[in-house]
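Asker: Generate coordinates for the sequence data below:
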Amino acid sequence: MLAGFDARVTGAGFPLVRYSDDMVVLAASRDEAQEGLRVMSEAAGELGMPLGADKSGVMSFEEGFCFLGEDFGPRYPPTLAGQRVTEPARKVLYLGMQGAHAHLEAGRLIVQSAQDAEVLDIPSGTVERIVCFGAVGISAGLRSWALASEVELVFLSRRGTYLGQAWSATAGRRIGRLRAQLAVADNPARALPFARTVVDAKVRKQMVLLQRLARRDNTEIITSAVGQISELLAMLPECGTREELMGIEGAAAREYFAALGQIMPDGLRFAGRSRQPPGDLINAALSYGYAIILSEAVSALCAAGLDPAIGLLHAEQDNRPSLALDLMEEFRPLVVDQIVVAAARRGELRSEHGRRDEALHGVLLTKAGREVLVGEYERRMLQHTKGALPGLSGSMRRHLYRQAERLAAYVYDPLAAWTGLSWR
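Answerer: Prediction:
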């Protein structure tokens, strides 16, 4: 009912927090807040639902105010970096120290530097997944333990390109599952509706992120991009092939990244998406994050009994996990794009976190930049949410695995439908 109201307010450059019909609009000054109140009043009046005069007004944190029974003031809210983050008993271990070596000893996972200095010593039972970047050694004993314990070993290049991973034989594929998956991939009546929904879900999340970033000084850029993307979305029902769908996705991505690049902080703006190699720091961070979540998508699909190489939207290629690319599409803006933009806007990701590699003719993340990104990525994947999928409340990582399970149901059940995550 109020979706149009939300679009009107955010389109005017006012960040909006709304729970049902209780809402707060954020502004940088009292005059700007008065303008926000005017925009809200007009938008609500057009719906025949005028704002309650006795409950509406301009407030500030200095003066203090109450919203949904919670008092806000100059000393509240506190730092919310870890809000709604669920700490699991078993965690992901990221190994990025070049020349480091990991091994197992007396039930503990030990990591040593290239100079044999011990840098980590933790109980092996606390590790759920091991992600290795570049020249990192894994002992034979640790490898055997990981495979026997169903702890995934993921291998990425130093700059974050996905190389592959090892998983336990108990998660292996069966002939019947492969045949079912190939049958769906070869059946346009099943593959195309899925592919169309994947593109729709990804593009809508790109629009949501742009709208969340709308401010008074960038409304023209955001409004133009969202309008262009909306027009492209309207063309999706007419697409009759995967190539046409990918064409719409690519055109929307160009509008999206062009707008995103213009509203980044000074020194971090970019002209558009560039990769292999990335042309700037933000693109390097995006590529790095995409490689990490791609490896998680592969793991989720294997756990669901699917072959990650047989795509429904992305065409099959021997050297890439096409179905994992399908699965991760809607998580790109939802997870990676959001954390990269947030880190840049908070000043945590800065220009010195990128270094130009003359041999590659591109920009790579420094060690400090990778640490920032991996830390933000983990916090986002552990963030607890509900409402994105009916009946599911849990971490973002749990939602990724649930989508893989739902994709398996789509493959095996000809009557099953596919839907993306909700994010507003």
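
Asker: what comes up buried for the one helix or strand residue 373 maps to?
Answerer: In this structure, residue 373 sits in helix 367-381 according to DSSP states H and E. Buried residues in helix 367-381, counting neighbours by 16 or more other C-beta atoms under 10 Å, are found at 369-370, 372-374, 376-378, 380-381. In short, each C-beta sits where N, CA and C put it, glycine included.

Asker: cool, and stretch 408-416?
Answerer: Of the residues in stretch 408-416, those buried under the neighbour-count criterion (16+ other C-beta under 10 Å) are 408, 410-411.

Asker: give the contact list for the residue lying closest to residue 62 once chain neighbours are set aside.
Answerer: Nearest in space to residue 62, with sequence neighbours left out and distances taken as C-beta to C-beta, 6 or more residues apart in numbering, is residue 74 at 5.5 Å. The neighbours of residue 74, taking C-beta atoms under 8 Å, 6 or more residues apart in numbering as the test, are 61-62, 64.

Asker: Now do stretch 303-313: everything it contacts.
Answerer: Among residues not part of stretch 303-313, those counted as contacts by C-beta under 8 Å, 6+ apart are 171, 173-174, 177-178, 181-182, 184-185, 190-191, 194-195, 198-199, 242, 245-246, 297-298, 301-302, 316, 318, 320-326, 329, 401, 404-405, 407-408, 411.

Asker: and it, how far apart are its ends?
Answerer: The straight-line separation of the ends of stretch 303-313 (C-alpha to C-alpha, to the nearest Å) is 20 Å.

Asker: Give me the mean pLDDT for it.
Answerer: Averaged over stretch 303-313, pLDDT sits at 90.

Asker: With stretch 245-252 instead?
Answerer: So the average pLDDT for stretch 245-252 ends up being 96.

Asker: Equivalent analysis for stretch 405-422, please.
Answerer: On average, the pLDDT along stretch 405-422 is 93.

Asker: Pairing-wise in the sheet, spell out the partners of residue 386.
Answerer: Taking DSSP bridges, one finds residue 393 as the beta-bridge partners of residue 386.

Asker: How many residues are close by it?
Answerer: Using other C-beta atoms under 10 Å, residue 386 has 12 neighbouring residues.

Asker: what sits against it?
Answerer: Contacts here follow C-beta under 8 Å, 6+ apart; on that basis residue 386 touches 392-394.

Asker: so what's residue 301 closest to, chain neighbours aside?
Answerer: Residue 301 sits nearest to residue 308 (C-beta to C-beta, 6+ apart), 4.5 Å away.

Asker: what about the one you found, which SS state?
Answerer: Taken by DSSP: H, G, I helix; E, B strand; the rest coil, the conformation at residue 308 corresponds to coil.

Asker: after the lengthiest helix in the chain, next one along is what?
Answerer: Taking DSSP state H as the assignment, the helix of the chain that covers the most residues is helix 188-212. The C-terminal neighbour of helix 188-212 among helices and strands, as given by DSSP H and E, is helix 219-233.

Asker: Dump that next one to CSV, keeping only the CA atoms.
Answerer: Coordinates of the C-alpha atoms in helix 219-233 are reproduced here as CSV (Å, rounded to 0.1, in the frame of the first residue of the first chain):
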residue,chain,number,x,y,z
THR,A,219,18.7,12.7,-6.3
GLU,A,220,19.0,13.6,-10.0
ILE,A,221,21.6,10.8,-10.6
ILE,A,222,19.6,8.2,-8.6
THR,A,223,16.3,9.1,-10.0
SER,A,224,17.5,9.0,-13.6
ALA,A,225,19.2,5.6,-13.1
VAL,A,226,16.3,4.0,-11.3
GLY,A,227,14.0,5.3,-14.0
GLN,A,228,16.1,3.8,-16.8
ILE,A,229,16.4,0.5,-14.9
SER,A,230,12.6,0.4,-14.3
GLU,A,231,12.1,0.7,-18.1
LEU,A,232,14.5,-2.2,-18.7
LEU,A,233,12.7,-4.3,-16.1
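
Asker: mind listing what's buried in it?
Answerer: Within helix 219-233, the residues that qualify as buried are 221-223, 225-226, 228-229, 232-233, counting by 16+ other C-beta under 10 Å.

Asker: That helix: what's the following helix or strand?
Answerer: Towards the C-terminus, the helix or strand next in line after helix 219-233, according to DSSP H and E, is helix 242-262.

Asker: Tell me which helix or strand comes right after that next one.
Answerer: Of the helices and strands lying after helix 242-262 in sequence (DSSP H and E), the nearest is helix 281-303.

Asker: Ramachandran angles for residue 336?
Answerer: Backbone dihedrals for residue 336, given as degrees, to the nearest 10, come out at phi -70, psi -50.

Asker: What are the neighbouring residues in contact with it?
Answerer: Contacts for residue 336 were tallied using C-beta under 8 Å, 6+ apart; they are 286, 289-290, 293, 377.

Asker: Could you pick out the buried ones from the residues you listed?
Answerer: Judged by neighbour count, with 16+ other C-beta under 10 Å as the criterion, the buried members of those are 286, 289-290, 293, 377.

Asker: Assumed residue 38 was part of a helix.
Answerer: Yes. Residue 38 forms part of a helix when assessed by three-state DSSP.

Asker: And it, how far from residue 53?
Answerer: Between residue 38 and residue 53 the distance, using C-beta to C-beta, to the nearest Å, works out to 13 Å.
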